[in-house]
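structure for this input, please:
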Amino acid sequence: MDLGARGPEGGDPDSSTLWTVRAPDILDASVAHRERLLGGFTAWLDQLRAPAQLTVSSREAMDSSGGCPGRERVRSVHLRVRDEAAADSVAARLSALCDAEVNRAGALPTMAEGPWHESARGLTCGGSWIECLRLMRFPEAEVEPGWLWELLGEPADLDLTVSIAPKPAAEADRQLRRRLRSLQARALAGDLGGAGPALEASRRAADRLRQVLARGEGRLFEVAVTLSLGGSPAEVGAGQQRLRQRAAALRARLAPAWLEELPALLESRGLRFPPRPARRLLETREVASLWPWLDGAAEMAPGRYRVGRHRRTGRPVGLGLASFRGTPNGNCCVIATSGGGKSYLAGVVGMEAASRGVLTVVVDPESEHRRWCEAAGGTYLDLAAGQSLGFNVLEAGDPGEAALAALELAALLGGPLSAAEAGSFLEACAEVLAPERRARPVLGDCLAPMRRRPESSALAARLRPWLEGRPGGQFNQPGRGPGVDGVLGIGLRELPSTWIPGAAWLVSQWLWAWARREPRAKQIIVDEAGLLGAHRCLRELMGQMARRIRKYQGSLLLLTQAAQDLTEESFGELVATNSATVLLGGQGGRGALRLQTTFDLEDRDREWLQRARRGEFLLVSGAVRVPLSVEARPDRHPYLATSGESLKLGARDGHL
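Model (predicted):
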């Protein structure tokens, strides 16, 4: 028999309506968002008139998202209201006030099925052993909203129900006055039982609750927390021990429900309201701290790229770089120190994009992305090696802008131009671009007309060495740059240092022209953006793409080492403010402080960045702050690892 659906006599112990409720994880929210969520939950509690129960069910399930098969723990939250007439309005208010998605549900996930038997210390059902606990003392230590994670984070099949019964003010006041008289009588009689501090604490708590009522600062509720654990006897015993230790660390007390296991099981599943001795009187803010939605990154929405797992919950984390759902654009900045796992993360994103048919171009100054580009069925263009493919400045852009683009490249290669040289160069370009001339002129064709003009002969001599040999010849032959049909990597590593400015300019011109011309979904990855940002042309390109690439069905992924690369320079600020998603990796103290200021992080986030290991990032997107570990599919990991050590460490499970 399914204990989750029917009572011990075979009847339905509760026929009230059940809802499944999804709401943001308050532990992953920014300060402002957290305050707004708490304000909404507090308002919902203040408007609650009927007893209600919030049940969290934690179950293990198969995880096949993103091609990473395995097991994961899923935590779902359900609402049950003890007044059918008011149930719909209560659920609607919860949805409106707490950014929640509320849907009717049939029944809670089952913990066990089959014949059951109750004993003094637990229950057996279908081969599973179940034990129940009640929270007999709420935390006396100062706790933050979301402290229930100390109980819900247990890696076991678990049901936990928070039962909330509004207490009328007059009745609550009478109960508190009786409580105070009882405590005073015990003190006068000297019946302290060796617990003088505990008695004084109880008196102060009752006084505080009366003051809340007197000042109108909130309402009072009778609240009970009951939970049940399922599994093998050894697993349940060890889990119960850990839960009681965590509760004790908060100066709370979890007590086994011995001799009352079946009633407590029904309480933990929201099928029975706890008896009065198990309830505690709390005010609104204390009840709001019991926020039960703590399953961060709980849903992999369609179109998102899976990049890793939530550090706290273990749930998959995805980036919406192609769908733009819920974000203003698909741009993403990655900031982490050298060795932090940036290139690995870029490879995970790139291979995910390629597998979904998104065209991907990688600008790779250090030639770290070649293996995965080729493994994804793409090509890798090493500019230093020389290619039969040409980047012809007279063909790459718009025809009307070809001469001006060539003039800019000539000034970059040949040095500053005088007005006479610039005019003569433009005349030479007009001559070779004339319709009656060859169909595909190249920059070298301008040299002969320039030599015939005294004012530009010296410029022709300065340009000639740049257009011959390797790699110069690659930029002096017909071609509008490479075609992209999947993945394209562009390597700049072995280029002579004197050629990097010109090569960067030509690549940036081709890349922006391609992005505007290509109608399909696309993604551009720029590694070492801070290093490339030293070149004006690429700096302007990154700024332009950050602002406008969404209009062309594209997204931009920038990777850089130093925080100041994207927080101090004007183009860096432009890119950072136009990136809907930011991934922050490990940083030193000064870098972490700079990122805290730039992205409005809390002290705990800054401290996390200072402790982050390789492959650990803090995802910042709007009001969300998600700590994650990068994870690739096991079959893709060998192409992403950049060293023998990382290959050895990660080959088994795809973790960096």
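
residue 214 - how many residues pack around it?
10 (other C-beta atoms under 10 Å). C-betas here are computed from N, CA, C, even on glycine.

go on, the one 3 residues further on?
As a burial measure, the neighbour count of residue 217 was computed by other C-beta under 10 Å and equals 11.

with residue 370 instead?
Residue 370 is flanked by 17 other residues according to other C-beta under 10 Å.

repeat that for the one 5 residues further on.
Neighbouring residues of residue 375 were enumerated by other C-beta under 10 Å; the total is 17.

residue 356 too?
Residue 356 has 12 neighbours, counted by other C-beta under 10 Å.

what kind of secondary structure is residue 75 in?
What DSSP: H, G, I helix; E, B strand; the rest coil gives for residue 75 is strand.

so what's the residue count around the nearest residue to it once chain neighbours are set aside?
Leaving aside its chain neighbours, residue 75 sits nearest to residue 295 (4.1 Å; criterion: C-beta to C-beta, 6 or more residues apart in numbering). Neighbourhood size, residue 295 [other C-beta under 10 Å]: 25.

again, but for residue 422
17.

for the residue nearest to residue 464 when sequence neighbours are not counted, pull up the helix or strand it's in.
Spatial nearest neighbour of residue 464, excluding adjacent residues (C-beta to C-beta, 6+ apart): residue 447 at 6.2 Å. Secondary structure assignment for residue 447, by DSSP states H and E: helix 447-451.

for that helix, packing partners?
Contacting helix 447-451 under the criterion 3 or more C-beta pairs under 8 Å, 6 or more residues apart in numbering; DSSP states H and E are the following elements: helix 419-432, helix 457-463.

quick one: closest of these to residue 44.
Smallest distance to residue 44 across the helices and strands packed on helix 447-451 (C-beta to C-beta): 69.4 Å, for helix 419-432.

what's in contact with that closest one?
394, 402-404, 406-407, 410-411, 417, 437-438, 441, 445-446, 449-450, 453, 455-456, 458-459 (C-beta atoms under 8 Å, 6 or more residues apart in numbering).

pLDDT weak spots in the stretch 451-600 of the chain?
The stretch 451-600 of the chain contains residues with pLDDT under 70 at 469-474, 563-576.

quick one: the strands in the stretch 151-300 of the chain, in order.
Along the stretch 151-300 of the chain, the segments classed as strands by DSSP state E, counting those that start in this stretch run 157-167, 220-231, 253-256, 280-283.

tell me which other helices or strands the second one touches.
Read that as strand 220-231. Packing contacts for strand 220-231, counted by 3+ C-beta pairs under 8 Å, 6+ apart, involve strand 128-137, strand 157-167, helix 196-215, helix 233-249, helix 261-268, strand 280-283, helix 284-288.

about what we covered before: pull out the buried residues from the helix holding residue 447.
447, 449-451 (16 or more other C-beta atoms under 10 Å).

could you dump it to PDB, C-alpha only?
Extracted in PDB, the C-alpha atoms of helix 447-451 (Å, rounded to 0.1, in the frame of the first residue of the first chain):
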ATOM      1  CA  LEU A 447      50.700  49.400 -55.400                       C
ATOM      2  CA  ALA A 448      51.300  50.000 -59.200                       C
ATOM      3  CA  PRO A 449      49.000  53.000 -59.400                       C
ATOM      4  CA  MET A 450      50.600  54.400 -56.200                       C
ATOM      5  CA  ARG A 451      54.100  54.100 -57.600                       C
END
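
what does that helix rub up against?
By C-beta under 8 Å, 6+ apart, helix 447-451 touches 424-425, 427-428, 431-432, 456-457, 459-460, 463-464, 467.

what about it, distance to the chain center?
57 Å (C-alpha atoms, centre = their mean, to the nearest Å).

ok, now stretch 31-48?
23 Å.

keeping just the C-alphas, turn it into PDB.
Taking C-alpha atoms only, stretch 31-48 is exported to PDB below (Å, rounded to 0.1, in the frame of the first residue of the first chain):
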ATOM      1  CA  VAL A  31      20.000  41.200  -1.500                       C
ATOM      2  CA  ALA A  32      17.300  43.300  -3.200                       C
ATOM      3  CA  HIS A  33      15.600  40.200  -4.700                       C
ATOM      4  CA  ARG A  34      15.700  38.300  -1.400                       C
ATOM      5  CA  GLU A  35      14.100  41.200   0.500                       C
ATOM      6  CA  ARG A  36      11.400  41.400  -2.100                       C
ATOM      7  CA  LEU A  37      10.700  37.700  -1.900                       C
ATOM      8  CA  LEU A  38      10.600  37.800   1.900                       C
ATOM      9  CA  GLY A  39       8.300  40.800   1.800                       C
ATOM     10  CA  GLY A  40       6.000  38.900  -0.500                       C
ATOM     11  CA  PHE A  41       6.000  35.800   1.700                       C
ATOM     12  CA  THR A  42       5.400  37.900   4.800                       C
ATOM     13  CA  ALA A  43       2.500  39.600   3.100                       C
ATOM     14  CA  TRP A  44       1.100  36.200   2.100                       C
ATOM     15  CA  LEU A  45       1.300  35.000   5.700                       C
ATOM     16  CA  ASP A  46      -0.300  38.200   7.000                       C
ATOM     17  CA  GLN A  47      -3.300  37.500   4.700                       C
ATOM     18  CA  LEU A  48      -3.500  33.800   5.600                       C
END
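
of the contacts of helix 419-432, buried ones?
394, 402-403, 406-407, 410, 417, 441, 445-446, 449-450, 453, 455-456, 459.

re the thing from before, report the buried members of the contacts of helix 447-451.
Judged by 16+ other C-beta under 10 Å, buried ones among the contacts of helix 447-451: 424-425, 427-428, 431-432, 456, 459-460, 463, 467.
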